[in-house]
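*Asks:* Give the three-dimensional model of this entry:
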Amino acid sequence: MAQAMSERELRTALRRLMVPTTGSMSHEELKTLYSKYATADGTTAAAPVPTAAAHRRPSGAQAAQNYPRYVNGKYVKAPNGLLFGMQPWQIGVVVVLAAGWMLGPNGGRQAGSGEADPMGLTGNAWAYKVADHPPGSVLDIRRHEQLLGALEYHRDVTNLPVVVDVYSKSCGPCRQIAPAFQQLAQTLAGTAVFIKLDSTQLPRTSMMLNVRSLPTFIFFKAGLQVHTFTGADLQQLQSVLAQLATAAAAEGTFASADAYPSLQDVQGVVAKHTPASSDQSADAVKAHADSVAATAATLHAKFAGMPATLQRRLRADYKDMAAAPATTREGTPATDTTPPLPDSPNTPTATAEDEDGATLPYLDFRSDRIAAPASAESVVIIGGGPAGLSAAIYAARAGLHPLVVAPEEGGQLLGKGVGVENFPGIFAGADDIATGKQVVELMRAQALQFGTSFLRGVVVGVDLQSTPKRLVITSTNRMLETANVTISTRAVILTLGSKSRWLEVPGEELLKGNGVSACATCDGYLYRDKVVAVVGGGDSAMESALVLARTAKSVVVIHRKDSFVASQILVNQVKEHPSITIKWQSKVRGFVGTPETGLESVTVSGVASETTEAVVVAACFVAIGHDPNTEVLAGQVPLDSHSYVVLDNPPRTTVGVPGVFAAGDIADSQYRQAVTSAGTGAAAALDAERWLSETAHTQ
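*Replies:* From the prediction side, this is the model:
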């Protein structure tokens with residue numbers, strides 16, 4: 001019978017006979033084993049008598065009990081253990097671990113499990129400690145249950161809107177918006193709740209929130225997601241929070257600028273509104289002695305008036321408590337120490353007023369400032385990248401007390417995802433390569449040391465022909481409203497830098513932030529273990545491919561030529577990387593996908609061919625260079641056909657307009673390097689200083 005059976009049939013039959021086999025056994029070995037243990041009709045054969053004395057079943061009354069099993073032709077002795085063969089000390093370890101699990105904060109529950117909604121928004125209050133997240137602070141969560149607990153608490157207790165900033169430490173725009181996010185939290189203390197979530201630490205949470213680009217801001221009201229947007233858009237962040245905070249205040253909130261409700265607050269107010277004869281409130285409080293949110297949730301279930309009646313009473317009473325003067329531990333009235341919203345880590349100490357009466361905040365004014373805040377500045381530097389910061393250092397050391405105006409300090413260098421190896425003076429060895437962020441921070445600290453002021457804002461209009469020059473700035477300093485202000489200055493240094501260039505093909509605009517990106521450092525980790533593409537052949541494309549290769553399953557570089565134009569060291573690294581493939585002489589024709597599903601594929605063809613193919617990728621990163629940010633300068637200074645500022649007497653940084661100087665990428669279509677930008681920034685400051693000295697008597 002065994003001779004006619006296949007290998008698969010033999011293994012199945014042996015399993016039924018409870019005869020163990022191994023995967024390495026051949027067909028013939030399986031036949032022999034089956035013949036040994038099965039009779040002709042397929043039933044189990046009598047066990048052969050073992051010949052080795054060591055494997056014979058001993059005689060005596062306990063023989064059958066001590067040697068109960070017969071395996072592979074021998075009797076097996078029962079294990080010397082009390083429970084499943086375990087020794088007493090092993091049983092003790094299991095008991096301790098089980099007890100710890102049952103008595104721990106989860107109480108034997110699966111972390112994050114819930115029944116109210118798909119994200120499990122019930123029973124996670126244990127993971128959110130209110131004492132670690134006072135009003136005015138930003139909580140950087142470390143686990144999924146912590147986020148759920150925060151949403152539950154502010155749904156059940158405070159009724160405050162919650163904003164979650166999903167970021168990564170390698171994302172340039174994420175780092176740029178972080179200080180403003182922190183300052184906004186201080187300003188809106190007690191009216192909104194601020195949380196940060198590192199997508200690299202909590203990838204599954206990011207996936208559940210449908211995050212496809214960084215930074216992403218997600219807004220919650222009453223535990224439900226009500227709005228989301230991507231990008232470091234401070235004005236939109238302010239606007240959405242203002243609307244949500246206003247709506248929450250109209251409904252009634254249970255919080256102050258100093259503290260969220262404690263368990264004692266909830267207990268006291270509940271006791272006030274609960275009949276003395278009723279022990280329901282006491283039972284509810286005892287049930288969750290350490291959790292305000294859990295207590296409130298229990299009250300919702302126990303009292304028919306919750307939340308409409310009792311919740312309003314809770315909030316109203318808490319408002320009365322919050323309105324009373326706070327006292328310190330010593331019993332003296334506490335003073336309001338909430339800091340005003342700054343434009344940078346420095347504290348604002350003066351304001352200038354334009355002719356329309358709008359105030360413009362300044363930072364770090366020195367007592368010996370040459371020009372009073374209400375008068376014209378000596379020199380204003382527009383832009384906060386290497387060129388602008390280098391100009392600021394030189395101008396500050398010359399006693400000009402420059403003002404740097406930029407939406408976010410750092411420029412392109414801040415978002416650089418690989419080590420900066422070619423900036424002189426900061427290379428400390430192969431194991432200690434500075435990042436772009438570190439380079440910018442060093443330059444900014446140096447500029448601050450010598451008296452530079454910083455204003456976070458966007459220049460939306462200029463009049464460079466007048467004397468003094470006038471700049472219209474949309475200040476992003478105000479957290480709940482944005483106002484245009486005008487400042488005057490004797491000299492202007494233009495270092496506006498450049499912005500990413502796009503392909504302008506079908507589907508690109510639709511899928512930006514949904515699989516199409518210009519920042520591999522920002523969004524690359526969201527597509528880990530997936531196939532991604534990079535478009536371009538310069539340094540930025542090579543750097544993007546190398547950054548993505550660290551986490552992606554594979555990277556496809558799409559380039560329209562048959563050779564790269566990047567530096568040779570980067571080209572060699574890309575060509576030698578095992579996870580990177582290259583499609584030469586190829587052109588992107590479009591992107592396929594929807595905002596709901598994200599990018600599905602990239603339509604690619606040969607440069608001289610109309611035949612297309614679909615390259616299936618989860619994300620595509622466009623790195624085809626940058627265009628100068630000179631739109632605001634149109635009609636004010638000479639521009640070439642590619643919108644670069646034209647210098648009238650190189651290597652001087654003058655542009656043919658008295659008192660106006662240009663440096664960095666907006667005047668450099670050839671090199672576009674951080675170090676060359678820094679050099680031209682220094683030159684612009686020297687030219688401005690000389691011009692101010694020569695024209696001092698006419699100003």
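
*Asks:* residues of the one helix or strand residue 11 maps to that come out buried?
*Replies:* Residue 11 belongs to helix 7-16 when assigned by DSSP states H and E. Buried positions in helix 7-16, judged by neighbour count with 16 or more other CB atoms under 10 Å: 10-11, 13-14. No exception for glycine: its C-beta is placed from N, CA and C like everyone else's.

*Asks:* for those, which one is nearest residue 602?
*Replies:* The closest of the buried residues of helix 7-16 to residue 602 turns out to be residue 11 (CB to CB; 47.0 Å).

*Asks:* my guess is residue 496 contacts residue 631, does it?
*Replies:* No. Look at residue 496 against residue 631 with CB atoms under 8 Å: they stay out of range, at 9.3 Å.

*Asks:* more crowded one of the two?
*Replies:* Higher neighbour count among residue 496 and residue 631: residue 496, with 28 against 11, using other CB atoms under 10 Å.

*Asks:* May I ask which helix or strand encompasses the more buried one?
*Replies:* Per DSSP H and E, there is no helix or strand for residue 496.

*Asks:* What residues sit buried inside the lengthiest helix in the chain?
*Replies:* Determined from DSSP state H, the single longest helix within the chain is helix 674-694. Across helix 674-694, burial judged by 16+ other CB under 10 Å covers 674, 676-689, 691-692.

*Asks:* Over to stretch 604-611?
*Replies:* In stretch 604-611, the ones that count as buried by 16+ other CB under 10 Å are residue 604.

*Asks:* Now do the helices for the stretch 551-699 of the chain: every range, in order, please.
*Replies:* Remark: helices assigned in the stretch 551-699 of the chain by DSSP state H, counting those that start in this stretch are 568-576, 674-694.

*Asks:* If you drop the residues flanking it in sequence, what lies closest to residue 400?
*Replies:* Leaving aside its chain neighbours, residue 400 sits nearest to residue 378 (4.6 Å; criterion: CB to CB, 6 or more residues apart in numbering).

*Asks:* How many residues are close by that neighbour?
*Replies:* Residue 378 has 23 nearby residues by other CB under 10 Å.

*Asks:* quick one on the thing from earlier: for the next helix or strand after the helix holding residue 11, buried residues please.
*Replies:* The C-terminal neighbour of helix 7-16 among helices and strands, as given by DSSP H and E, is helix 27-37. For helix 27-37, the neighbour count (16+ other CB under 10 Å) marks 30-31, 33-34, 37 as buried.

*Asks:* just stretch 577-585 next, same as before
*Replies:* Within stretch 577-585, the residues that count as buried by 16+ other CB under 10 Å are 580, 582-583.

*Asks:* Could you export those as CSV, including distance to residue 515 and pLDDT?
*Replies:* Shown next, in CSV, are the buried residues of stretch 577-585 (distance: CB to CB, whole Å; pLDDT from 0 to 100):
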residue, distance to residue 515, pLDDT
580, 19, 96
582, 21, 96
583, 18, 95
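
*Asks:* from those, which is closest to residue 383?
*Replies:* Distance to residue 383 across the buried residues of stretch 577-585 (CB to CB) is lowest for residue 580, with 33.6 Å.

*Asks:* Please determine how far the residue nearest to that closest one when sequence neighbours are not counted is located from residue 527.
*Replies:* Counting by CB to CB, 6+ apart, residue 555 is the residue found nearest to residue 580 once chain neighbours are left out, at 4.7 Å. Note on residue 555: its distance to residue 527, by CB to CB, to the nearest Å, is 10 Å.
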